[in-house]
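*Asks:* Curious how this folds, go ahead:
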Amino acid sequence: MSLAIQWFPGHMHLTKKAIQARIKSIDVVIELLDARLPGSSANPMLAELTGDRPGLKLLNKQDLANPTQTAAWLAHYCSQPGTHALALDASVAAQVRALLPACRALAPGRGGMAKPMRVLICGIPNVGKSTLINTLTARRAAKTGDEAGITKLEQCITLADDFYLYDTPGLLWPRIIVAKSGYNLAASGAIGRNAFSEEEVALELLDYLKTHYPQALQLRYKLADAAAFTEEALLEAIGRQRGALQSGQRVQLQKAAEILIHDFRAGALGPLTLETPAEFAQWLLAGQQLDAQRQLKKDAIELDRKIRFKQIPRPGTVSQ
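*Replies:* Alright, predicted model coming up:
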């Protein structure tokens, strides 16, 4: 596994500042998550920005996720204080309508013209926030697209006479310390294409799928025993089966990787979830420990630099 994938375009700095300025007047914070990777798509920076505001976690794209794992993630989030969680498909109006009463339940003291509900909606890029808003408003209020970073400006949307929704651009965090999260986010489409190698992401995806969903690979790509393959052999077999060949009948691995990632995003492999609450907790702990070690090394290098700098006589002085 190489260094963790990183992607933090300039407009995300502006989003962070906008949230910091807006949060003082907000009653409930909605965080839209990808139901296939709820832990990886939850922004750790958001908790720092929003403080103790009540939160509603929305697991979007539930139709693409494993229902058993979605239930586990809903239970995980609902067990947290001041938090409720729902699973939905952002394009289905009947499911999306549940948001308003869920928000009102989290802030029962708000409502009516004197105390209107003010809700902030956040989420990583390409998680379906614009689709959700368009479904809520029954019109094209927000731009949508299968590309990270479509929304660039904050907007206020009136959902009822006493219910205001503040939309923000998709927000990742400055540094992803959980390497597996970086790969899962890239596989889902949350990270810009220039920030990662499709082949590397495909290999990481296959490493998880061959263990947890071998039947999905076997059915989609007509393989005998996916669990018996190495990730490299699986990617080559997928490329060969789907005709991603170059001269000499060699497999074009880049093309094979693009096919796999596209199939995952489109749900062609069936309902899949790339992490359980327990798995993500383990990855996060390992990432935090590694990050702490890196910081200690960085601090030691900086201390050594300062000591060495002080040992060098300043220009115009005479050493004793």
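
*Asks:* Could I get the pLDDT score of residue 213?
*Replies:* You'll see residue 213 listed with a pLDDT of 97.

*Asks:* Please verify my assumption that it contacts residue 271.
*Replies:* No. Using CB atoms under 8 Å, residue 213 is not in contact with residue 271; the gap is 9.4 Å. Any C-beta I mention is one placed from the backbone N, CA and C, and that applies to glycine too.

*Asks:* how about the strands of the stretch 51-200 of the chain, start to end?
*Replies:* Assigned strands in the stretch 51-200 of the chain, in chain order: 55-60, 83-87, 117-123, 155-160, 163-167 (criterion: DSSP state E, counting those that start in this stretch).

*Asks:* hey, least reliable of those strands by pLDDT?
*Replies:* Among the strands of the stretch 51-200 of the chain, strand 155-160 scores lowest, at a mean of 90.

*Asks:* tell me which residues of it are tucked away?
*Replies:* Going by neighbour count (16 or more other CB atoms under 10 Å), the buried part of strand 155-160 is 157, 159.

*Asks:* can you check stretch 58-66 too?
*Replies:* So, applying 16+ other CB under 10 Å, buried residues of stretch 58-66: 58, 59, 60, 61, 62, 64, 65, 66.

*Asks:* mind listing what the fifth one touches?
*Replies:* Counting by CB atoms under 8 Å, 6 or more residues apart in numbering, residue 62 touches 35, 70, 87, 88, 89.

*Asks:* Could you do residue 160 as well?
*Replies:* Applying CB under 8 Å, 6+ apart, we find residue 160 in contact with residue 100.

*Asks:* What residues are bridge-paired with it?
*Replies:* Going by DSSP bridges, residue 160 is paired in beta bridges with residue 163.

*Asks:* pLDDT below threshold where in the stretch 101-250 of the chain?
*Replies:* Residue ranges of the stretch 101-250 of the chain with pLDDT under 70: 139-154, 172-174.

*Asks:* just the helices in it please.
*Replies:* Ranges of helices within the stretch 101-250 of the chain are 129-137, 179-188, 198-212, 214-221, 231-241, based on DSSP state H, counting those that start in this stretch.

*Asks:* now the longest one and helix 179-188, what's the angle there?
*Replies:* This points to helix 198-212. Helix 198-212 and helix 179-188 are oriented at 110 degrees to each other (axes from the mean of the first three to the mean of the last three CA atoms, to 10 degrees).

*Asks:* same thing with the fourth one?
*Replies:* With the same axes, to 10 degrees as the criterion, the two stretches helix 214-221 and helix 179-188 enclose an angle of 30 degrees.

*Asks:* How about residues contacting helix 214-221?
*Replies:* Outside helix 214-221, the residues that reach it (CB under 8 Å, 6+ apart) are 206, 209-210, 223-227, 234, 237-238, 241-242, 263, 268-270, 272.

*Asks:* Show me which residues of it are buried.
*Replies:* Neighbour counts using 16+ other CB under 10 Å place 214, 216, 217, 220, 221 of helix 214-221 among the buried residues.

*Asks:* which one of these is nearest residue 108?
*Replies:* Nearest to residue 108 among the buried residues of helix 214-221: residue 216, at 43.2 Å, using CB to CB.

*Asks:* Residue 60 versus that closest one, what's the distance?
*Replies:* To residue 60, residue 216 is 21 Å away according to CB to CB, to the nearest Å.

*Asks:* what's the farthest-apart pair in the contacts of residue 62?
*Replies:* 70 and 89 (11.6 Å).

*Asks:* Let's have the strands of the stretch 51-200 of the chain in TSV, adding distance to residue 187.
*Replies:* Converted to TSV, the strands of the stretch 51-200 of the chain look like this (distance: least, CB to CB, whole Å):
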stretch	distance to residue 187
strand 55-60	16
strand 83-87	20
strand 117-123	17
strand 155-160	29
strand 163-167	25
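
*Asks:* what angle separates the lengthiest helix in the chain from helix 179-188?
*Replies:* Under DSSP state H, the helix in the chain containing the largest number of residues is helix 277-311. An angle of 120 degrees separates the directions of helix 277-311 and helix 179-188 when computed by the same axes, to 10 degrees.

*Asks:* what sits against residue 276?
*Replies:* Counting by CB under 8 Å, 6+ apart, residue 276 touches 69, 72.

*Asks:* Residue 74 and residue 254, how far apart?
*Replies:* Here the criterion is CB to CB. By it, residue 74 lies 37 Å from residue 254.

*Asks:* The two - which one has more neighbours?
*Replies:* Neighbours per residue, other CB atoms under 10 Å: of residue 74 and residue 254, the larger number sits with residue 74, 19 against 15.

*Asks:* Am I right that residue 191 is in contact with residue 184?
*Replies:* No. Contact criterion CB under 8 Å: residue 191 and residue 184 do not qualify, at 9.8 Å.
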